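Student: give me the fold of what follows.
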Amino acid sequence: MIKIVSLHSRNPNLSVAEFIEYWHTVHAPLCSRLMQGLGLRRYVASFPLTDSPEFGGVGADFDAVVELHFDDQAALEGALASPQFNTPERQASSAHLFDLERSRNVICDEASFPLG
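Tutor: A predicted model of the protein is given here:
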């Protein structure tokens, strides 16, 4: 399984609550719809808790971690480069939601390990 992991910071014009609400109600449904038929196997967004001292921190310098899972790197690259995904509507949603200059992405080869 290949995935792209993205660290996104919110648009500074949005509160954390507005950021998460927009993601859940507008951005994620839009991206999910646009990715239909492009080989996306799993779409996960995680939002850091603002206070997690038991793990040595009090938050993060980003507002969301996104994972888009594909069968292979060719499928990932094809989907992200496709006109079907790169619509003006999706680009406007991303510009509304994110501080795009602070976004960071890495392509990863996922490995799962048995528990126990």
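Student: contacts only, for the closest residue to Gln73 other than its chain neighbours.
Tutor: Closest residue to Gln73 apart from its sequence neighbours, by C-beta to C-beta, 6 or more residues apart in numbering: Ile2 at 5.0 Å. Backbone N, C-alpha and C define where each C-beta goes, glycine included. Taking C-beta atoms under 8 Å, 6 or more residues apart in numbering, we find Ile2 in contact with His69, Phe70, Asp71, Asp72, Gln73, Ala75, Leu76, Ile107, Cys108, Asp109, Glu110.
Student: for Ile2, grab phi and psi.
Tutor: When read as degrees, to the nearest 10, the backbone of Ile2 gives phi -110, psi 140.
Student: so what's it scoring on pLDDT?
Tutor: In the predicted model, Ile2 carries a pLDDT score of 96.
Student: one step back: highest neighbour count among the contacts of Ile2?
Tutor: Phe70 (23 neighbours; other C-beta atoms under 10 Å).
Student: pretty sure it sits against Gly39.
Tutor: Yes: the pair Phe70 / Gly39 is scored as a contact, 5.3 Å apart, by C-beta atoms under 8 Å.
Student: what is the neighbour count of Leu34?
Tutor: Using other C-beta under 10 Å, Leu34 has 19 other residues around it.
Student: got a list of what it touches?
Tutor: With C-beta under 8 Å, 6+ apart, Leu34 has these contacts: Gln84, Phe85, Thr87, Arg90.
Student: identify the contacts common to Phe70 and Gly39.
Tutor: Contacts common to Phe70 and Gly39, judged by C-beta under 8 Å, 6+ apart, are Leu76, Ala79.
Student: thinking again about what came up before, list just the nearest of the contacts of Leu34 to His24.
Tutor: Nearest to His24 among these: Arg90, at 16.0 Å, using C-beta to C-beta.
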